[in-house]
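1. Turn this into a structure:
(2 chains)
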Amino acid sequence: MMASTIFRGIQNHPLLLYQTALFRRKNGVFYCTMKSTETQTATQEKQKPQIKNPPRTQTKTSDKFSKDYEAVIGIETHVQLNTLTKAFCGCPYNYGSPPNTSVCPICMGLPGALPVLNSKVIELAVKVGLALNSKLSLNSKFDRKQYFYPDLPKGYQISQFDVPIASGGYIDLDLPVEFGGGHRRFGITRVHMEEDAGKLLHSENESYSQVDLNRAGVPLLEIVSEPDMRTGIEAAEYAAELQRLVRYLGVSNGNMQEGSLRCDVNVSIRPIGQAQFGTKVEIKNLNSFSSVSRAIDFEISRQVLLHSQGQGDQITQETRLWEEGAQKTVTMRKKEGLADYRYFPEPDLPGVILTKEYVNSIRDSLPELPEVKRRRYEKMGLSMQDVLFLANDVNVAEFFDATIAKGADVKLAANWIMGDIAAYMKNEKLTINEIKLIPQELAELIASIKGGTISGKIGKEILFELLAKGGTVKGLIKEKDLVQIVDPMEIEKIVDKVLSENPKQLEQYRGGKTKLQGYFAGQVMKLSKGKANPGLLNKILLEKLNAQS
Amino acid sequence: MGSKALLMLKGVSSIAPKNQIFNFNRKSSRSSNSSFSFSKVVINHNNKVRRCSTTTTQSSLEPPDVSRLAETARISLTPNEVEEFAPKIRQVIDWFGQLQDVDLHSIEPSIRADTEDSNLRDDIPETFENRESMIAAVPSYEEPYIKVPKVLNKE
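-> So this is what the prediction gives:
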């Protein structure tokens, strides 16, 4: 026991050298500038926060100072990979399983148990690396990051330290139109593979904590951003784009509530023009995009306020927690210098070797990514609002693509999906994959309206039928006898019938109450069961109404 | 212990170029109960023979801070033990010092020791059959959680 401890210490010793070097590199990672203290939310989020940002007097006080400062922000994102099994053992991982049921000697850190890497982890890491335009290391390795904590059974986390699987790169995104829009490119510093720790539960009043090791050993990718972001919105949109990317790639469900996508944000401010970085503060516990944005904005205000009161030295390097209820950040722990993780190469695992052929085969299998999709939609002539809506959810985008592949008009398809279909999904709390309407039928519906077979109004009725029950447009038109009446003679007959049945109104109309045209149109439409072509109807009706006056 | 010593050798071989020959001549030393005293290393590199031994070469590395080492490993040592272990650890560090002195400028670094094949696993779930006995061996367990002393802050 003793001897092995001693060995550990010694083995790590030479590594301390480059550890210092990495920390320096890391320090450069977390910065970007930001001026605004506005608090807004990422639009792509489904749920708007219930708690409105409290109008902070703090913000007001610091507003006049905020223009003198710029914020420097960086994000570390952990993405849980959706493999069937853990990273180094065959334990299945399913979110929500009963505690401590998916465990084995390897993920419980029992003596003598040896890790064996899940090949899927490499595949998914390579996918993400390629999608982020990173440079892949054909030869990388795992390292041990050592610290003591009850959620870490082995006493170390298997991670990648000085040779990550991917480094460099960038991600492109479009800011939402309501925040002024604009295209942004944010740099990526590195992507590395590591294992998750278990889950710790802290009981309120008890003197102990509880550990669930189901999550221990689950594969993660840590994605570290470059210091290119400028605002809380940009940071939130960066996170949203990462979520979009991993969902497009199918490497993770990207669910923030379940912790499958976790963001740690680093924020510092400095007077504009100053080259040196201010003291950075790390914020954790951000489980939605809007909390990313609001936590950053709060933190910037807090730091600007301290500066404006001449208390800039009160900003210390620390980890702060975002409190959703109170809408503020609070100190979690102060850091005394940098943690010494005593990294050293994981001796129980061989190096990670990629061949160029392997990388190329994965590159060839990549789906169309969000940025490429958005640019393609833009070129089709769709507005940015439409582009962002359609490309936001990979399933919606696929539905749209399939619809236009069936020949549907691009703008009409977009309108139907963003309008009635989206509203229906929202009301019924369904995803686009759960509705009964299929792309081919949407294309058929659009063509039927465009071709004059059915009216737009009937089209809507058919749509809701298709959404709820499925079926085909042709079948429904036939079944319900919904074909639009485009024969002028037939419409004329109906008009005549309506006029003869409403002599009083006709008299009033001819006496100058021309507003009654709408009434007549409605009656004709009703009599035709909505099938009369509206254009023809109005033309014929007007002729008839004005004919004998 | 034995496996730890092996780890160390692994680490060494990853640093060392292939054409080097390592000789570990064990001279009996005072730390007879520790099997990790590599007291003499002969390195044949580019036809030059370097002879190093802990008894003759001084390390360029810092001497060990045994108390700190013990703290990072979360073990407690008595002052006597600290005193006893210090020279032994020093020996090993000195040996690393010798390794660091080796001129490797012309050698392409290898990040890992050579391994046979990459040993990977397919992503196929396998449930460990003997979970009960593992759980039974947990010192403090209260269904369904492992109980640990209350902790709130990392590091």
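
2. pull the CA atoms of the longest helix seen in chain B into CSV?
-> In chain B, assigned by DSSP state H, the helix with the most residues is helix B:79-101. Extracted in CSV, the C-alpha atoms of helix B:79-101 (Å, rounded to 0.1, in the frame of the first residue of the first chain):
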residue,chain,number,x,y,z
PRO,B,79,7.2,11.8,11.3
ASN,B,80,9.3,8.6,11.6
GLU,B,81,7.8,7.1,8.5
VAL,B,82,8.3,10.4,6.6
GLU,B,83,11.9,10.2,7.5
GLU,B,84,12.2,6.6,6.6
PHE,B,85,10.6,6.9,3.2
ALA,B,86,12.3,10.1,2.1
PRO,B,87,15.6,8.6,1.0
LYS,B,88,13.9,5.7,-0.7
ILE,B,89,11.7,7.9,-2.7
ARG,B,90,14.7,10.1,-3.4
GLN,B,91,16.4,7.2,-5.0
VAL,B,92,13.6,6.6,-7.4
ILE,B,93,13.4,10.2,-8.3
ASP,B,94,17.1,10.3,-8.9
TRP,B,95,16.7,7.5,-11.2
PHE,B,96,14.1,9.5,-13.2
GLY,B,97,16.6,12.3,-13.1
GLN,B,98,19.0,10.1,-14.9
LEU,B,99,16.4,9.2,-17.5
GLN,B,100,15.7,12.8,-18.1
ASP,B,101,19.4,13.4,-18.8
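
3. And it, what does it pack against?
-> Helices and strands touching helix B:79-101, by 3 or more CB pairs under 8 Å, 6 or more residues apart in numbering or on different chains; DSSP states H and E, are helix A:2-12, strand B:40-45, helix B:66-72. Bear in mind the C-beta positions are built from the backbone N, C-alpha and C, glycine included.

4. Moving along the chain from it, name the first helix or strand you hit.
-> Using DSSP states H and E, the helix or strand that directly follows helix B:79-101 along the chain is strand B:120-121.

5. near chain A at all, that following strand?
-> Yes - judged by CB under 8 Å from any CB of the partner chain, strand B:120-121 comes into contact with chain A at B:120-121.

6. So which elements touch that strand?
-> Against strand B:120-121 (3+ CB pairs under 8 Å, 6+ apart) you get strand A:117-118, helix A:119-131.

7. now what about it, what contacts it?
-> Applying CB atoms under 8 Å, 6 or more residues apart in numbering or on different chains, the external contacts of strand B:120-121 come out as A:85, A:90, A:116-119, A:122.

8. which SS class is A:His78?
-> Assigned with DSSP: H, G, I helix; E, B strand; the rest coil, A:His78 falls in the strand class.

9. which one of the helices and strands packed on strand B:120-121 lies closest to chain B?
-> For the helices and strands packed on strand B:120-121, proximity to chain B was assessed by CB to the nearest CB; helix A:119-131 is nearest, at 3.8 Å.

10. who's in contact with the closest one?
-> Applying CB under 8 Å, 6+ apart, the set of residues contacting helix A:119-131 is A:79, A:81-85, A:87, A:136, A:165-166, A:169, A:191, A:193, A:219, A:221, A:223, A:245-246, A:248-249, A:251-252, A:352, A:354, A:358-359, A:362-363, A:366, A:369, B:120-123.

11. now swap in stretch B:132-144 and tell me
-> Residues outside stretch B:132-144 that contact it (CB under 8 Å, 6+ apart): A:98-101, A:103-105, A:108, A:110, A:208, A:210, A:212, B:128, B:146-148.

12. and those residues, which two are the farthest apart?
-> Greatest spacing in the contacts of stretch B:132-144, by CB to CB: A:Tyr208 and B:Phe128 (25.9 Å).

13. Please name every helix or strand in contact with the longest helix anywhere in chain A.
-> Ranked by residue count, the top helix of chain A under DSSP H comes out as helix A:289-308. In terms of contacts (3+ CB pairs under 8 Å, 6+ apart), helix A:289-308 is packed against helix A:57-66, strand A:69-80, helix A:232-249, strand A:261-271, strand A:281-286, strand A:318-323, strand A:328-334.

14. Which of the ones you listed sits closest to chain B?
-> Closest among the helices and strands packed on helix A:289-308, using CB to the nearest CB: strand A:328-334, at 4.6 Å.

15. Sheet-wise, list the partners of the closest one with their directions.
-> Neighbouring strands of strand A:328-334 in its sheet, by DSSP bridges, are strand A:318-323 (antiparallel).

16. need the residues of the stretch 301-450 of chain A near chain B, please.
-> So the stretch 301-450 of chain A meets chain B at A:332-333, A:335, A:339-340, A:342, A:344-345, A:347, A:350-353 (CB under 8 Å from any CB).

17. residue ranges of the strands in the stretch 301-450 of chain A, please?
-> A:318-323, A:328-334, A:344-345, A:352-353 (DSSP state E, counting those that start in this stretch).

18. will you turn the ones you listed into a markdown table that also has mean neighbour count?
-> As requested, these are exported to a markdown table (neighbours: other CB atoms under 10 Å in any protein chain shown):
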| stretch | mean neighbour count |
| --- | --- |
| strand A:318-323 | 19 |
| strand A:328-334 | 15 |
| strand A:344-345 | 22 |
| strand A:352-353 | 20 |
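
19. Distance of the nearest residue to A:Val191 once chain neighbours are set aside relative to chain B?
-> Excluding its sequence neighbours, the residue lying closest to A:Val191 (CB to CB, 6 or more residues apart in numbering or on different chains) is A:Ala166, at 4.1 Å. For A:Ala166, the distance to chain B equals 15 Å [CB to the nearest CB, to the nearest Å].

20. Could you pull up the residues touching A:Ala166?
-> Per CB under 8 Å, 6+ apart, neighbours of A:Ala166: A:125-126, A:128-129, A:132, A:134-137, A:190-192.

21. Likewise for A:Ala443?
-> By CB under 8 Å, 6+ apart, the contact list for A:Ala443 reads A:403-404, A:406-408, A:413.

22. quick check, nearest of those to A:Ala468?
-> Distance to A:Ala468, by CB to CB, is smallest for A:Thr403 among the contacts of A:Ala443, at 18.4 Å.

23. re earlier: dump the contacts of A:Ala443 to TSV, plus neighbour count.
-> Shown next, in TSV, are the contacts of A:Ala443 (neighbours: other CB under 10 Å):
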residue	neighbour count
A:Thr403	27
A:Ile404	19
A:Lys406	17
A:Gly407	12
A:Ala408	23
A:Ala413	26
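
24. Narrow those to those in helices?
-> Mapping the contacts of A:Ala443 onto helices (DSSP H) picks out A:403-404, A:413.

25. Just the closest of those residues to chain B, please.
-> So of these, ranked by how close each gets to chain B (CB to the nearest CB), first place is A:Thr403, at 33.8 Å.

26. before we move on, back to that, which one of the contacts of strand B:120-121 has the most neighbours?
-> Using other CB atoms under 10 Å in any protein chain shown as the neighbour criterion, A:Asn118 leads those with 26 neighbours.

27. Please pick the buried ones from the contacts of A:Ala166.
-> A:125-126, A:128-129, A:132, A:134, A:136-137, A:190-192 (16 or more other CB atoms under 10 Å in any protein chain shown).

28. Pipe those into TSV and attach pLDDT per row.
-> Listed next are the buried ones among the contacts of A:Ala166 as TSV, based on pLDDT from 0 to 100:
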residue	pLDDT
A:Ala125	98
A:Val126	98
A:Val128	98
A:Gly129	98
A:Leu132	98
A:Ser134	98
A:Leu136	98
A:Ser137	96
A:Arg190	98
A:Val191	98
A:His192	98
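
29. any idea which of the residues you listed is closest to A:Thr316?
-> Set against A:Thr316, the nearest of the buried ones among the contacts of A:Ala166 by CB to CB is A:Arg190 (26.7 Å).

30. Many thanks, I have nothing further to ask.
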